[in-house]
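Asks: sharing a model prediction with you, sequence too.
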Amino acid sequence: MVILAQLVTSFIAAAGFGILFNAPRRSLIQCGLVGMLGWILYYVLVLQEMDVVPATVLAAMLVGGLSQICAKVYKTPVIIFIVSGIIPLVPGGSAYDAMRNFVENDYFTAVQLSAKVMLLAGGIAIGLMFSEVVKQMIRKWSWKRTR
Amino acid sequence: MNNQHNIVKVCMLAGKIMLQSGAETYRVEDTMNRIASTFGLPNAQSYATPTGINFSIDISEVTNFMRISNRSTDLHKIAEVNNISRMVAAGEIELKKALTMLESVDRDTPTFSSWLQVIAAAFVSGCFTIMFGGIWADFIPSFVIGGMAFAGMLWFERLVEIRFIAEFFASFIIGVLTLAFVDNGIGVYMDKIIIGAVMPLVPGLHITNAVRDLMAGHLVAGLSKGVEAVLTAFAIGAGIAVVFGLF
């Protein structure tokens, strides 16, 4: 039941961000699906008591991979799917928590949370980079084979 | 000569639309070079930053420059320009046609009206509250506050045209409304409501683009976009912080 609620809300959230970023109308559903699958992977991994940073890396890899596939299939720039899909993973909540602790003069917790935000952003970067590398490897490999 | 003039125009226009719509810099340069090489200029040089484009058709030729002053996010335009450059590369359309098509894309208004965007922002806010572990009782307050804050940001941006101040103003609205709602017994957990309502303002696109540009080796563009993202995050945090400081 909890998972179902997460599925529905993450789909709406990712597709809603597609509308905010003025994504093409016909790719809204795909944006929602990419975001939903990435978030669910993250959510399940965290439920299995995995640390949030590796969970974010894995989810970002999934989002990157799915976005590359969508971009290939629908012949649209990959950025459309990546942006909407990655949004649920962006550490907005932790960034806000960090900021609030700074304001409340609890610098110890604030710095701790800021470090986590940096790690999460780095994790997203690594995940996206990985999917890019895989795409380039596949392209080079198929290019060699067809020659 | 006239032909070359038009090629430069097509390349610059394509680059301008993409940069104004928030595309990654390396994609902009790639698109410009690809269009140029299709029209028989294989040695074209382009250098794009978030605030301006340099383009010359050969290394010893005149360099053309264009200033990019306002940037927003419009994935639809990026997709359209990408489509046009694909058609150009495939030889399906010629120079004149490409120019008129790009000009019409440049004039395009957003696909979704402001009202629809506000509603989408409201839904995004409500859903994020649930996703970050909030309870369903907090869905409605977050929905209302997120929508109102986004509408406030759109309105304020038209008024002052400084994005950071508009974001500061929007997050200030979020802080005030959340305090008012929770004090009056609508909504339970203040943190969850605020996190959800803030999400439509979070610079997710800037963060991803900055990282992707840095990975592609565009250090100047990546750093400047990263700074833009940090400034936006700071504006949002400061807006909420001011409310907590005041009350």
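Replies: Structure's in. What do you need? Numbers count the residues shown, from 1 in each chain, chains lettered A, B, ... in the order given.

Asks: now residue A:98: how far from chain B?
Replies: Here the criterion is Cβ to the nearest Cβ, to the nearest Å. By it, residue A:98 lies 8 Å from chain B. Yep, even glycine has a C-beta here, placed from its N, CA and C like the rest.

Asks: nearest residue to that residue other than its sequence neighbours?
Replies: When the adjacent residues along the chain are set aside, residue A:98 lies closest to residue A:113, with 3.7 Å between them (Cβ to Cβ, 6 or more residues apart in numbering or on different chains).

Asks: quick check: the one you found vs residue A:107, distance?
Replies: Between residue A:113 and residue A:107 the distance is 11 Å, computed by Cβ to Cβ, to the nearest Å.

Asks: any common contacting residues for those two?
Replies: Each of residue A:101 lies in contact with both residue A:113 and residue A:107 under the rule Cβ atoms under 8 Å, 6 or more residues apart in numbering or on different chains.

Asks: for these two, indicate the residue with more neighbours.
Replies: Neighbours per residue, other Cβ atoms under 10 Å in any protein chain shown: of residue A:113 and residue A:107, the larger number sits with residue A:113, 22 against 11.

Asks: which other helices and strands does the strand or helix carrying that one contact?
Replies: Assessed by DSSP states H and E, residue A:113 sits inside helix A:107-146. With contacts defined as 3 or more Cβ pairs under 8 Å, 6 or more residues apart in numbering or on different chains; DSSP states H and E, the packing partners of helix A:107-146 are helix A:52-74, helix A:78-86, helix A:92-103, helix B:204-215.

Asks: roughly how far does residue B:11 sit from residue B:91?
Replies: Distance, residue B:11 to residue B:91, by Cβ to Cβ: 17 Å.

Asks: wait, does stretch A:17-34 contact chain B?
Replies: Yes. For a cut-off given as Cβ under 8 Å from any Cβ of the partner chain, stretch A:17-34 has contacts with chain B, namely A:17, A:18, A:19, A:20, A:21, A:22, A:23, A:24, A:25, A:27.

Asks: give me the buried subset of those residues.
Replies: A:17, A:18, A:19, A:20, A:21, A:22, A:23, A:24, A:27 (16 or more other Cβ atoms under 10 Å in any protein chain shown).

Asks: check whether residue B:116 really touches residue A:19, as I assumed.
Replies: Yes. Counting by Cβ atoms under 8 Å, residue B:116 does reach residue A:19; the two are 6.3 Å apart.

Asks: which residue does chain B bring closest to chain A?
Replies: With distances taken as Cβ to the nearest Cβ, chain B approaches chain A most closely at residue B:237, which sits 3.4 Å away.

Asks: let me see the contact set for residue B:192.
Replies: Listed by Cβ under 8 Å, 6+ apart, the contact partners of residue B:192 are B:129, B:132, B:133, B:134, B:135, B:138, B:142.

Asks: now render those as JSON lines, adding neighbour count and secondary structure.
Replies: Supplementary listing: the contacts of residue B:192 in JSON lines, determined by neighbours: other Cβ atoms under 10 Å in any protein chain shown; DSSP: H, G, I helix; E, B strand; the rest coil:
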{"residue": "B:129", "neighbour count": "33", "secondary structure": "helix"}
{"residue": "B:132", "neighbour count": "19", "secondary structure": "coil"}
{"residue": "B:133", "neighbour count": "12", "secondary structure": "coil"}
{"residue": "B:134", "neighbour count": "24", "secondary structure": "coil"}
{"residue": "B:135", "neighbour count": "12", "secondary structure": "coil"}
{"residue": "B:138", "neighbour count": "23", "secondary structure": "helix"}
{"residue": "B:142", "neighbour count": "31", "secondary structure": "helix"}
